[in-house]
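[1] Sharing a model prediction with you, sequence too.
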Amino acid sequence: MPELPEVETTARLIRPDLVGRVVTGFEVEWERTLGGVTRRTLARLLRGRVCTAVERRAKYVLIAFAEPEEPEEVRAWLVVHLRMTGRLVHSAPGEAPASHRRFGLCLGEGRGEGLRDAGRIDFLDPRKFGRCVATTDPYDVLPELGPEPLGEGFTTDSLRAGLASRRRQLKPLLLDQSFLAGLGNIYVDEALFLARLHPLTSSDRVSRPKAEALFAAIRAVLTEAIEREGSSFDGFYRTPTGQPGSYQHQFQVYGRHGKPCRVCAAEIRRIVVGQRGTHFCPRCQRRAR
DNA sequence: AGCTACTCCTGGTAGC
DNA sequence: TGCTACCAGGAGTAGC
């Protein structure tokens, strides 16, 4: 599932196909992908404008658009959330859309008479949970988001304070995007294993050394996963170039229930916490009493 | 405040 | 082979 590393990889790899290109049109196969924005509004916000940046915030891809004459002033954004099965891919001019295309952004390069077809950015999404929302202000669209786990605003101390100020199970807390933005089911399980913390541990019972271990584990897991361009294991996530990521080969617990722990050989267990499959090693990750 | 359930969706798979 | 039933899962929302 696209989490921070997959979204970061997506943003990085589509950036060269978008920045400097002008929006020439749209193709919409699934209206709800637009998140309530009408085609008319979509056209008013994006058509004729040039993409100036492709960024990531939490699990969102933020695509900035400006007037060609004043590219320094961002006038509109396309806020993309891949949810479970969404992908952004670049298609060459005239290329037929891949299956499950829900939305296509038609692009051009150059100005006036010199405008040439630059293909499309296609949003593919078999399960239709993803959204591409056009807006003048991303803060109208984005929910309350916690700090970026790889940013400067996230520190050992801030994590420790955040854990101590709540009494929530670690698994749902770390999945809560308003607490920390970017982790999903896979990387939470992996980070908790690395920090040797049981997913049901109450956040206010995490010791100082354990909080430090968790901080380091979150950063290590995400950094390594970005380097490996994310995790591909179920046929859904691929990078914009169609390549699978390779972090799935590093999984210690996710999807490994019934198999031996790579550290202690105990059998990895799977439980359900807050409707989420949760994987852990019962020996390495003891629940704090 | 924090929990649980429900909703949105469809490809894949288990069971018959 | 072909059918049905069920499941995964990010996140918004509702109810307790």
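    Happy to help now that I have it.

[2] Domain map for chain A?
    According to automatic domain parsing, chain A comprises the domains A:4-140, A:156-280.

[3] okay if I get these as CSV plus mean neighbour count, mean pLDDT and distance to A:Gly146?
    For glycine as for every other residue, the C-beta is placed from the backbone atoms N, C-alpha and C. Putting the domains of chain A into CSV (neighbours: other C-beta atoms under 10 Å; pLDDT from 0 to 100; distance: least, C-beta to C-beta, whole Å) gives the following:
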stretch, mean neighbour count, mean pLDDT, distance to A:Gly146
domain A:4-140, 18, 93, 8
domain A:156-280, 18, 91, 5
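
[4] Just send the ones you listed back as JSON lines, with distance to A:Arg286 too.
    Below are those laid out as JSON lines (distance: least, C-beta to C-beta, whole Å):
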{"stretch": "domain A:4-140", "distance to A:Arg286": "28"}
{"stretch": "domain A:156-280", "distance to A:Arg286": "6"}
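
[5] Could I have the CA atoms of stretch A:94-112 written out in PDB?
    The C-alpha coordinates for stretch A:94-112 follow below in PDB (Å, rounded to 0.1, in the frame of the first residue of the first chain):
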ATOM      1  CA  GLY A  94      -1.200   9.000 -28.200                       C
ATOM      2  CA  GLU A  95      -0.600   6.100 -25.900                       C
ATOM      3  CA  ALA A  96      -3.700   4.300 -24.800                       C
ATOM      4  CA  PRO A  97      -4.500   4.600 -21.000                       C
ATOM      5  CA  ALA A  98      -3.500   1.500 -18.900                       C
ATOM      6  CA  SER A  99      -6.400  -0.400 -17.300                       C
ATOM      7  CA  HIS A 100      -8.200   1.100 -14.300                       C
ATOM      8  CA  ARG A 101      -7.400   4.700 -15.400                       C
ATOM      9  CA  ARG A 102      -9.700   7.000 -13.500                       C
ATOM     10  CA  PHE A 103      -8.200  10.400 -14.400                       C
ATOM     11  CA  GLY A 104      -5.800  11.700 -17.000                       C
ATOM     12  CA  LEU A 105      -4.000  15.100 -17.000                       C
ATOM     13  CA  CYS A 106      -3.100  16.100 -20.600                       C
ATOM     14  CA  LEU A 107       0.100  17.900 -21.000                       C
ATOM     15  CA  GLY A 108       1.800  20.100 -23.500                       C
ATOM     16  CA  GLU A 109       5.300  21.600 -23.800                       C
ATOM     17  CA  GLY A 110       6.200  25.000 -25.200                       C
ATOM     18  CA  ARG A 111       4.000  28.000 -25.900                       C
ATOM     19  CA  GLY A 112       1.700  29.300 -28.600                       C
END
